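Q: Have a look at this prediction, sequence included:
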Amino acid sequence: MISVTEWQKIGVGITGFGIFFILLGVLLYFDSVLLAFGNLLFLTGLSLIIGLRRTFSFFFQMHKLKGTSFFLGGVVIVLLRWPLLGMVLETYGFLNLFKGFFPVAFGFLGNAFNIPFLSALFQRLQGTSSMV
């Protein structure tokens, strides 16, 4: 069984609050203060969950530098109070960073839920993308 440390539990909570503030900021017409606070909480929580060394090694891999630059550039743009442009850049960077994870997640969702329409949809979204 995997042991979860207290720091990781705190990180999950902080990441959850970060996602909550980002969604609230989007719902309130891209409120820059809520988006900036959500971004900072999300990145802090992520680094508490997986550790600083793994966070840096994830974001600064050679093949992920494009996604990292767009994501972190979007965070900086949001902090400079240009929320719409910053969120567009962050979304593009997020999709580039996690594009290898999406087929795995869709495959899991297709197998986990036994709803015919959703299973077929997730199987189609899973595609034949490689993990590399």
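A: Yep, that arrived. These figures come from a predicted structure and were not determined experimentally.
Q: From residue 77, how far off is residue 71?
A: From residue 71 over to residue 77 the distance is 11 Å, taken as CB to CB, to the nearest Å. No exception for glycine: its C-beta is placed from N, CA and C like everyone else's.
Q: For the two, work out which one has more neighbours and name it.
A: Set side by side, residue 71 and residue 77 show more neighbours around residue 71, with 23 against 19, by other CB atoms under 10 Å.
Q: My read is that that one contacts residue 87, right?
A: No. Residue 71 is beyond contact range of residue 87, at 10.9 Å (criterion: CB atoms under 8 Å).
Q: Who are the contact partners of the residue nearest in space to the middle of the chain?
A: Centroid check for the chain by CA atoms, centre = their mean gives residue 94 as the closest residue, at 5.9 Å. The contact partners of residue 94, by CB atoms under 8 Å, 6 or more residues apart in numbering, come to 67, 71.
Q: Give the next helix or strand downstream of the helix or strand where it lies.
A: Following DSSP states H and E, one finds residue 94 within helix 83-97. Using DSSP H and E, the helix or strand that follows helix 83-97 towards the C-terminus is helix 102-112.
Q: Export that following helix to CSV, keeping only CA atoms.
A: Taking Å, rounded to 0.1, in the frame of the first residue of the first chain, the C-alpha atoms of helix 102-112 are listed here in CSV:
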residue,chain,number,x,y,z
PHE,A,102,-5.1,12.2,-21.6
PRO,A,103,-5.3,8.8,-23.5
VAL,A,104,-4.5,7.0,-20.2
ALA,A,105,-7.2,8.9,-18.4
PHE,A,106,-9.8,8.4,-21.1
GLY,A,107,-9.0,4.6,-21.2
PHE,A,108,-9.4,4.4,-17.4
LEU,A,109,-12.7,6.3,-17.5
GLY,A,110,-14.0,4.1,-20.4
ASN,A,111,-13.2,1.0,-18.3
ALA,A,112,-14.4,2.3,-15.0
